[in-house]
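**Q** sequence-free structure coming up:
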């Protein structure tokens, strides 16, 4: 039984570059979530997919952010024209049913130089 | 607008004693509450949850209490063990479009001393 997998674990990039992260949820989990966590804070909700449909987006998700889940399995989160404030841990979680707990991956840490 | 607050950034407890972690929330629409545990360089791991229609849920050494009138949630760990040392996050869930949107507190770092 593999858990939620996120790649890469760490991404260092220069300001203004585009970055893309990947999340592979637990097999058969149809609900997939993206969160962002900054130092000293808890994770903050970014967006949610049910199968391939993106059903909810936070106000935190500016126009520079886009997420996809093309076949209802893995998901990608892209940040265009990165800014210093984008430095954070980006976490992915998945769940099977609405009231089942979300299972988190180990995250991708983004560092903007 | 911090809807979920953990007012203690850290807590130190002796091994074998009870650890009590607290959490307050402001939104009465939350219908599900969870506790997650986080080790360094790992993602949060689910620990225990409680529905808003209950006031207590127990799982082994872990018990979660919910006081809806006070909008207060607590996690009791007894007896505390060194492996319990971690950051604990409480989270409150809102149903949106068929899923739980979780709102997390800032976390409490628990240290269990031998």
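**A** Nice, I can see it. Since the model is a prediction, treat every value here as computed from it, not as a measurement.
**Q** quick one, what contacts the residue of chain A found nearest chain B?
**A** Nearest residue of chain A to chain B (Cβ to the nearest Cβ) works out as residue A:42 at 2.9 Å. All C-beta spots, glycine's among them, are computed from the backbone N, C-alpha and C. By Cβ atoms under 8 Å, 6 or more residues apart in numbering or on different chains, the contact set of residue A:42 is B:4, B:89, B:91, B:104-107.
**Q** pull the number of nearby residues for the spatially closest residue to it that is not a sequence neighbour.
**A** Residue nearest to residue A:42 in three dimensions, not counting chain neighbours: residue B:104, with 2.9 Å by Cβ to Cβ, 6 or more residues apart in numbering or on different chains. As a burial measure, residue B:104 scores 23 neighbours (other Cβ atoms under 10 Å in any protein chain shown).
**Q** for residue B:104, list each beta-bridge partner.
**A** Applying DSSP bridges to residue B:104 yields these beta-bridge partners: residue B:91.
**Q** excluding chain neighbours, what is closest to the most centrally placed residue in chain A?
**A** Central residue of chain A (Cα atoms, centre = their mean): residue A:34, 3.5 Å from the mean position. Nearest non-adjacent residue to residue A:34, counting by Cβ to Cβ, 6+ apart: residue A:46, 4.3 Å away.
**Q** didn't the residue nearest to the centre of chain A look like it was pressed against residue A:94?
**A** No. In this structure, residue A:34 is not within contact of residue A:94 by Cβ atoms under 8 Å, at 10.5 Å.
**Q** picking up where we left off before, from residue A:93, how far out is the residue of chain A closest to chain B?
**A** Note on residue A:42: its distance to residue A:93, by Cβ to Cβ, to the nearest Å, is 13 Å.
**Q** can you check residue B:35 too?
**A** 15 Å.
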